[in-house]
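J.: A structural model of the following input is requested.
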Amino acid sequence: MGNYIEKEEFNLKKFLFGKIKKKLVFAFGVLILLLVTIVFITYSINQQIEQDQILLKEVEAPLELMNQQVIGYDSILTGIVHEALLHAEKGEFDKIEEYRANYDAIGIKLDNLLKFQARDLTNKSKRNSEDKKQVYEILDKLDKINVLLVDLEISAFDAMKKEDIEKARSLVLTTNYEEYKKELAELYTQWGIIEKKVSEEYRNKILNNSKNVKIYNLGLGLIFILIASFIPFIMTNSIAKPIKELASATEKMRNQDFKARVNIKSGDELEELGNSFNKTIEILENLDKEKLQIDKAKTEFLSITSHELRSPMTPMKAQLQMVLGDYFGKITKEQRDSLEIVLNNTERLDKIIVDFLEISRIEAARLKFNFVRANLAKTVETVVNEMKGFMPEKKIKIEMKLDKLPIIEVDPDRASQILRNLINNALKFSPENSKIEVSAKLQKGMILFSVKDEGVGIAEKDQRKLFEPFYQVENMYQHKSGGTGLGLAISKGIVESQNGKIWLNSQLGKGTIFYFTVPLKPVREMKAIKLLFSEIEKSDEELKKIFKEYIGPLGEKEFENLKDSKGITLISIREYIYDLIKKGILQKGKAEEFKNKVSFIFNKGGKEIKEEKMAEERAASFFKRGRK
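T.: Presented below is the predicted three-dimensional model:
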């Protein structure tokens, strides 16, 4: 217990005063200090810019605009009077009241601008006292002249109401009237010059401060960049380089390269971490060796057992056939029926043993391929012609859709084996008088094959485990068809040993499309493909952990409920996540993380081939149309 406490105290001391902590504190302290300086200077200048912008927006610019607005109102009033006079000269006196009402409304607005709004804004302005004084004087003069003009114009309206056209004309067309208008125009111009000058001063001030912000930010930013670049350069050898070495070794370990080691001599916590890493990966290397030995023993056991089981099968079948052929004398009908059942099951057992032998070769990377130059279009035609004689009573039509394929180096017998198995399944589970379409096309360095049927279809929850040996889809594939249940697993092994891919799209009651790809160049050094011990159970456990991570203690139960109700598919989990978002249980950010982690497991890290996506789009289109 004493040793344990001493070790804890030592680690705590190193955490508080370790070399890495000192380096990081110093580096970040310098950078933070520089950032604070930049922020303070920028904030001060921006505050001044903001104040000037507020004044310009709320006071100076409105005053500049108000000058134009006053000129506009004055022009409108003059226009109203002259238009009224024209109508009066035409004898249209009934319209005079309407013009007078408009005149009064505009006059009130003009009066409000000159006496109140303009003076109020000028008072709020931060301009110098001389400019303010000039504006007040101009506003006073404008008010006086406008009063004189209004008296003339109102008198003109009164004359028009009395149908005294001559008097009205003499009031608005006199020399005094024109003098007033001319004096107003000069005052408007003086006021406008002052307002434009003040607004321009504010705009220039804002512009200069904005430039200063850019200059300060650029200068200090360059200093910040130089220091920020210099500090990582100094720290690279002591911190970044060991971390990079650890990351590289971790990546190798993730790819199951357990011979990776690190050599870190930094004298700090990273050296301890490197030593711990080396010890950990050494343990993993030993465990991997044991696993390989177990896998090898399993494969050898499977191969030897299959061979030993098959040895007695041939004489057993021969003896049964001799008994059924009356070689040892006549037998009764009951005996014949019973022996035929035994013979059929013996033949089925023999097929299972043969398939097990094939699986053992796939898992041991000893699957035999006979590569020759061939055109797989001819292979497809041969297989289709052979399969047309299978189950003729169902009257199923098999069609081919073949693009022009290149002559490549390939094993046509293995391609035939996969096609035969897929077409065989399609025939078994398709209704009478339906159609099967077999296609092949060149696509992105691969030949893409597909077998499409109009059969019973496969539920989404079953599709994920369909390529597992002996997996039963609602007790259909093995028991109803009489197959061994290993055909799809063997097909998967053959395809993946050549770096191809096999998958399907299906909907219940609408049919199934199986796809597989064959590379244009053969793979001669094949890798072992694990078939008997699937990764699905492992991935289910990983998915359970993800459910618990994002949902909490109920995650495991939710996973099982989803598995029982809809099955574990990428679509079903995504729908479940969207439902959690709608109910407000999960936020969008967390939901996106949840979805990405699930997709990573389903897509093996996101390495989804483009052919699959294109095929899924075509399948979706096919199922949408339905069977015709």
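J.: Okay, buried residues for stretch 581-601 please.
T.: 586, 591, 594-595, 598, 601 (16 or more other C-beta atoms under 10 Å). (Each C-beta comes from the backbone N, C-alpha and C, glycine too.)
J.: Using JSON lines, lay out those together with pLDDT, distance to Val70 and secondary structure.
T.: Output for these, formatted as JSON lines (pLDDT from 0 to 100; distance: C-beta to C-beta, whole Å; DSSP: H, G, I helix; E, B strand; the rest coil):
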{"residue": "Leu586", "pLDDT": "84", "distance to Val70": "61", "secondary structure": "coil"}
{"residue": "Ala591", "pLDDT": "84", "distance to Val70": "59", "secondary structure": "helix"}
{"residue": "Phe594", "pLDDT": "86", "distance to Val70": "64", "secondary structure": "helix"}
{"residue": "Lys595", "pLDDT": "85", "distance to Val70": "63", "secondary structure": "helix"}
{"residue": "Val598", "pLDDT": "83", "distance to Val70": "69", "secondary structure": "helix"}
{"residue": "Ile601", "pLDDT": "75", "distance to Val70": "73", "secondary structure": "helix"}
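J.: Could you let me know which of those residues ends up closest to Glu130?
T.: Taking C-beta to C-beta as the measure, Glu130 lies nearest Ala591 of the buried residues of stretch 581-601, at 65.3 Å.
J.: quick one on the thing from earlier: quick one: which of the buried residues of stretch 581-601 is nearest Ile71?
T.: Distances from Ile71 to the buried residues of stretch 581-601, taken by C-beta to C-beta, are shortest for Ala591, at 60.5 Å.
J.: Can you name the residues that contact that closest one?
T.: 577-578, 580-581 (C-beta atoms under 8 Å, 6 or more residues apart in numbering).
J.: how does it look with 10 Å?
T.: By C-beta atoms under 10 Å, 6 or more residues apart in numbering, the residues touching Ala591 are 550, 574, 577-578, 580-581, 585.
J.: Dump these to TSV, plus pLDDT.
T.: Output for those, formatted as TSV (pLDDT from 0 to 100):
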residue	pLDDT
Tyr550	86
Arg574	85
Ile577	89
Tyr578	86
Leu580	87
Ile581	88
Ile585	83
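J.: next helix or strand past the strand or helix carrying Met66?
T.: Per DSSP states H and E: Met66 is located in helix 61-89. Per DSSP H and E, the first helix or strand lying C-terminal to helix 61-89 is helix 96-112.
J.: After that following helix, which helix or strand is next?
T.: Sequence-wise, the next helix or strand downstream of helix 96-112 (DSSP H and E) is helix 118-124.
J.: which helices and strands does that next one pack with?
T.: helix 61-89, helix 129-161, helix 175-235 (3 or more C-beta pairs under 10 Å, 6 or more residues apart in numbering; DSSP states H and E).
J.: For the helix holding Met66, which residues meet the burial criterion?
T.: Buried residues in helix 61-89, counted by 16+ other C-beta under 10 Å: 61-64, 66-67, 69-71, 73-74, 76-78, 80-81, 84-85, 87-88.
J.: filter the contacts of Ala591 to the buried ones?
T.: Judged by 16+ other C-beta under 10 Å, buried ones among these: 550, 577, 580.
J.: Can you flag which of the residues you listed belong to helices?
T.: Taking DSSP state H as the definition of helices, the buried ones among the contacts of Ala591 contribute 550, 577, 580.
J.: could these go into TSV alongside distance to Glu98?
T.: Shown next, in TSV, are these (distance: C-beta to C-beta, whole Å):
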residue	distance to Glu98
Tyr550	73
Ile577	68
Leu580	67
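J.: low-confidence ranges in the chain?
T.: Applying pLDDT under 70 to the chain picks out residues 1-19, 23, 235-237, 267, 291-311, 356, 471-484, 532-538, 603-628.
J.: tell me the helices in the stretch 351-500 of the chain, going along the chain?
T.: Assigned by DSSP state H, counting those that start in this stretch, the stretch 351-500 of the chain shows helices spanning 376-387, 412-428, 460-463, 487-497.
J.: With respect to burial, which of these scores highest?
T.: Most buried of these, by mean neighbour count (mean count of other C-beta atoms under 10 Å): helix 487-497, with a mean of 23.
J.: got the residue ranges for the strands in the stretch 401-550 of the chain?
T.: Assigned by DSSP state E, counting those that start in this stretch, the stretch 401-550 of the chain shows strands spanning 408-410, 435-443, 446-452, 502-507, 511-519.
J.: quick one: stretch 455-465 to chain centroid distance?
T.: 27 Å (C-alpha atoms, centre = their mean, to the nearest Å).
J.: quick one: terminal-to-terminal distance for that stretch?
T.: Stretch 455-465 has an end-to-end distance of 19 Å (criterion: C-alpha to C-alpha, to the nearest Å).
J.: can you check stretch 250-266 too?
T.: End-to-end distance for stretch 250-266: 19 Å, by C-alpha to C-alpha.
J.: Wait, Asn505 touches Asp453, no?
T.: No: counting by C-beta atoms under 10 Å, Asp453 is not a contact partner of Asn505; they are 11.6 Å apart.
J.: of these two, who's got more company?
T.: Ranked by neighbour count (other C-beta atoms under 10 Å), Asn505 and Asp453 place Asp453 first, with 28 against 23.
J.: returning to that earlier point: quick one: which of the helices and strands packed on helix 118-124 is nearest Asn375?
T.: Nearest to Asn375 among those is helix 175-235; the distance by C-beta to C-beta comes to 58.6 Å.
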